[in-house]
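Asks: 3D, please:
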Amino acid sequence: MKAELLEATQQYLGPDFDIETHFTPKYRPWQQRLAFIPDGDLFQGIASGAASVVTDEIERFTKTGLQLKSGQHLEADIIVTATGFNLSILGGIPFEVDGTPVDFSQPVTYRGMMFTGVPNMAWVFGYFRASWTLRVDLMGDFICRLLNHMDETGMDEVRLELRAQDQDMELLPWMDADNFNPGYLMRSMHLMPKRGADPIWEHTQDYWKERDALPLVDLAAEEFAYSRKMVLTSSVALSNARVPISACPAYQGGMTDENATYQKANSGQPLALEKRETTEDGRRFSPSIGRNKDVVRDAFLSVMAKQGAVLEIASGTGEHGAHITAAAPNLSWTYSDIDQASQASQAAWRAHAAHDRLNGPLTVDTTALNWGEAETRAPWDGLFCANMIHIAPFEAATGLIGGAGRLLRSGGRLMLYGPFAREGEIAPSNARFSEDLKRRDPSWGVRDLERDIGPLAEQAGLELIKVLEMPANNLSAVFERA
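Replies: Next up is the predicted model:
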């Protein structure tokens, strides 16, 4: 290519023009950008004498032009600077992760678009040697696929992390100077992210490889670290105030006075695992239930009674009961909760329903020896509890399982939905979620289905008969009373 470019330039300028001095750079074609000269008009101007070219280095500016290092003085009325700028990484915008400023010279780039340790962030960076938008299109498809994957699995955050085999990997400058080396990039390389020896940790310039590789990236691979995040129902930060756990809508069991506390926001509003919208009629909507209510309904109807009376523990917004009973015309559903705001939402869903098979809400404290009205209405054909036992002290799970054994009819079933460990093994995303919970309250955390819940069920006369895999590494565990 170099020979062809020089030959074409020589043809325009004539055989006596010194193209070795003026049009033969030190770098190969595409190590720096090529200049496109339509119809060779610049060369035609030089060949005709209307323009001239000087190749040298500037020593200093003078009153009348430029003093060159060769000793030549170049007279000039107007000087236009076309090179010499310095890169401003990401426009100089200051980024922070958990209050710590991000130094973009430290992370390792993931395929030239994301960074290790920086969650939920991608930068759009195209190709140096091809249309910029070619890569923008590929990246847009990839990021949309990643966002859809996070929606489907109920994840709020993704970070790129070096894999076990990458821990001793040599870290190199962001771009190989033998590949692309304009002065502005070389001057700013110390500000750019690192790259690794493995192709996934570098910014390739090969469209044809990326076109095939990006659509096939396994979004569940080891380098993708997903997690769910707790979000306040209000916009204020956490304080050190301690209040009764009964204020927490995620927890539906009582505790002893000495540890019956949890962290709360300054506003006096309880913490929830996510921000929830409320309609004018008082119904609350959970984003996670919105994503998973269909699969939860289908799982329930595949393993639980489609008729009779079901008691839901920790009914939260009330959406599950409304959604399931809409598909099961012979099923009667009773809400229960200990949080007044949640009970108000459940009552609103009951009023909104097109049938009269939603009941309650009852006030049920799972750690109490007596569940009040829920006891007088027993036996129940089914009990249902979603996403409670991991965001409550273990006493809540103990009381829940014991209450199911006490109040279910013979052959009645309990369905638990949420994240679990299995015989000491836990999905990485659930492990991170569990640690996040324990940082907020040491008595919280993802429970082991066989080691934690199994013995309680056996003691209560319940048998684990079915485990269904659900989205976002959740499970539906079904127990039957003998």
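Asks: host element of Val295?
Replies: Per DSSP states H and E, Val295 falls inside helix 287-303.
Asks: for that helix, what is the average pLDDT?
Replies: Computed over helix 287-303, the mean pLDDT rounds to 91.
Asks: and the closest residue to Phe285 other than its chain neighbours, how close does it get to Arg284?
Replies: Nearest residue to Phe285 in three dimensions, chain neighbours excluded: Glu277, at 4.8 Å (CB to CB, 6 or more residues apart in numbering). Any C-beta I mention is one placed from the backbone N, CA and C, and that applies to glycine too. Separation of Glu277 from Arg284 (CB to CB, to the nearest Å) stands at 7 Å.
Asks: neighbour count: the two, which is higher?
Replies: Arg284 (23 against 11; other CB atoms under 10 Å).
Asks: the more buried one contacts Ala322, correct?
Replies: No - counting by CB atoms under 8 Å, Arg284 does not reach Ala322; the two are 11.4 Å apart.
Asks: now do stretch 283-301: distance to the chain's middle.
Replies: 20 Å (CA atoms, centre = their mean, to the nearest Å).
Asks: and the contacts of it?
Replies: Contact with stretch 283-301 is made by 151-152, 154, 273-279, 316-320, 323-324, 327-328, 341-342, 345, 348-349, 352, 384, 386-387, 415, 417, 468, 470-472, 474, 476, as judged by CB atoms under 8 Å, 6 or more residues apart in numbering.
Asks: mind listing which of those are in strands?
Replies: If you go by DSSP state E, the contacts of stretch 283-301 have Glu277, Thr278, Phe384, Ala386, Met415, Tyr417, Leu468, Met470, Asn474, Ser476 in strands.
Asks: circling back: other SSEs contacting the helix or strand just after the helix holding Val295?
Replies: Using DSSP H and E, the helix or strand that follows helix 287-303 in sequence is strand 307-313. Applying 3 or more CB pairs under 8 Å, 6 or more residues apart in numbering; DSSP states H and E, we find strand 307-313 packed against strand 330-337, strand 380-386, helix 394-407.
Asks: what angle do the last one and strand 380-386 make?
Replies: By that I understand helix 394-407. 160 degrees (axes from the mean of the first three to the mean of the last three CA atoms, to 10 degrees).
Asks: show the average pLDDT along helix 394-407.
Replies: Computed over helix 394-407, the mean pLDDT rounds to 95.
Asks: just the shortest one next, same as before
Replies: Confidence for strand 380-386, expressed as mean pLDDT, is 97.
Asks: the protein: helices as residue ranges?
Replies: Secondary structure of the chain (DSSP state H): helices at 2-13, 19-22, 41-48, 132-153, 183-188, 207-213, 287-303, 319-327, 340-352, 373-376, 394-407, 428-440, 454-459.
Asks: show me the shaky parts of the stretch 251-400 of the chain.
Replies: Across the stretch 251-400 of the chain, residues meeting the criterion (pLDDT under 70) sit at 251-276.
Asks: if we can go back for a sec, so which of the helices of the chain is the most packed in?
Replies: Counting by mean count of other CB atoms under 10 Å, helix 394-407 has the highest mean neighbour count of the helices of the chain, with a mean of 22.
Asks: counting neighbours, what do you get for Gly92?
Replies: 7.
Asks: tell me how far it lies from Trp174.
Replies: Taking CB to CB as the measure, Gly92 falls 17 Å from Trp174.
Asks: please apply the same query to Leu74.
Replies: From Leu74 over to Trp174 the distance is 36 Å, taken as CB to CB.
Asks: also Pro455?
Replies: Separation of Pro455 from Trp174 (CB to CB) stands at 54 Å.
Asks: same thing with Glu152?
Replies: The gap separating Glu152 from Trp174 is 32 Å, by CB to CB.
Asks: who does Thr109 form a beta bridge with?
Replies: Beta-bridge partners recorded for Thr109 (DSSP bridges): Phe115.
Asks: that one contacts Trp201, doesn't it?
Replies: Yes - the criterion here is CB under 8 Å, and Thr109 meets it with Trp201 at 6.5 Å.
Asks: between those two, what contacts are shared?
Replies: Arg195.
Asks: coming back round to it: compare Leu74 and Trp174 (neighbour count), which wins?
Replies: Trp174 (20 against 15).
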